[in-house]
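Asks: missing the sequence, but the structure's below:
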C-alpha cells in the first residue's frame with residue numbers, strides 16, 4: 001500500500017515537471033509569435049515574408065496543440081490527485097476502523113470483567129445470606145436454651161408459700177408437697193418440718 005502511494009506521488013511529480021516544461025515552451029513560443037506579429041504590422045506582406053508567416057502559423061498551431069496537451073495533463077494530474085486523496089482517506093478510514101475495533105474489544109473485555117465481578121459479588125451475597133440464616137438459627141437455639149435455663153432455674157427455686165404447695169395423701173396422712181417434690185408436715189394448716197422427698201415414678205415418699 002505504501003509503495004503504491006509512493007508510485008502515485010512520483011507520477012504526479014513527473015507530470016507536474018512536464019507540465020511546467022510545456023508551459024515554459026508555450027510562453028516562449030507566444031513571445032516569438034507576438035514579436036513576429038508586431039513585425040508583420042510594420043512591413044508589407046510580400047512573397048519574401050511568406051516564409052515568416054508560415055512559421056507564425058505553424059508555431060501558433062503548435063502552441064494550440066501544446067495547450068491541449070497541458071489541459072490533458074491537468075486533467076490527469078487532477079484525477080491522480082483525487083485518487084491519491086481517496087487512497088489516503090481510505091487508509092485513514094481503515095486506521096480508524098482498526099482503532100474502533102480495538103476499543104470494542106477493550107469494552108467487551110471490561111464487560112466480561114464486570115460480569116465476573118458481579119458473579120463473585122452475587123456468590124458472596126449468597127454466602128452472607130447463608131451465614132445470616134445460620135446466625136439467626138443459632139440465635140434462636142440460644143434463646144431456646146436461655147429459656148430452658150430460666151425455666152430450670154425457676155423450677156430449682158422452691159416455693160414455700162401455702163398457695164404454691166400441694167396437699168397429697170400418703171398412707172392416710174396428708175402432707176404438703178413443694179414444686180421441687182419435697183414433703184412437709186401440715187401443722188395447724190401451716191407448713192411444718194421437712195420430712196422427705198416425693199418420688200413421682202413410684203408414687204412413694206422417701207422420709208429422712
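Replies: Received, thanks. This structure is a prediction, so every number in the text was calculated from the model and none was measured. Residues are numbered from 1 along each chain as shown.

Asks: and the residue lying closest to residue 198 once chain neighbours are set aside, backbone torsions?
Replies: Leaving aside its chain neighbours, residue 198 sits nearest to residue 181 (4.4 Å; criterion: CB to CB, 6 or more residues apart in numbering). Using the backbone N, CA and C atoms, a C-beta is placed for each residue, glycine as well. When read as degrees, to the nearest 10, the backbone of residue 181 gives phi 70, psi 20.

Asks: Kindly report the same for residue 203.
Replies: Phi and psi for residue 203, reported as degrees, to the nearest 10, are phi 60, psi 40.

Asks: Confidence-wise, which helix or strand of this structure is lowest on average?
Replies: helix 2-42 (a mean of 64; mean pLDDT, DSSP states H and E).

Asks: For the longest strand seen in the chain, list every residue counted as buried.
Replies: Ranked by number of residues, the top strand in the chain under DSSP state E is strand 190-199. Residues 195, 196, 197, 198 are the ones in strand 190-199 that count as buried (16 or more other CB atoms under 10 Å).

Asks: what do you get for stretch 70-79?
Replies: 70, 73, 77.

Asks: so which strand or helix has the last one?
Replies: Here residue 77, judged by DSSP states H and E, is contained in helix 50-156.

Asks: Listing partners with orientation, what would you give for the helix or strand just after that helix?
Replies: For helix 50-156, the following helix or strand on the C-terminal side (DSSP H and E) is strand 166-170. Sheet pairing here is set by DSSP bridges, and for strand 166-170 it gives strand 173-177 (antiparallel).

Asks: Would you mind listing the outside residues contacting the strand it pairs with?
Replies: 165-169, 183-186, 191-192, 195, 198, 205 (CB atoms under 8 Å, 6 or more residues apart in numbering).

Asks: quick one: that strand to strand 190-199, angle?
Replies: 90 degrees (axes from the mean of the first three to the mean of the last three CA atoms, to 10 degrees).

Asks: name the helices or strands packed onto the helix holding residue 77?
Replies: Counting contacts by 3 or more CB pairs under 8 Å, 6 or more residues apart in numbering; DSSP states H and E, helix 50-156 packs against helix 2-42.

Asks: on that earlier part again, quick check: the residue nearest to residue 198 vs residue 68, distance?
Replies: 138 Å (CB to CB, to the nearest Å).
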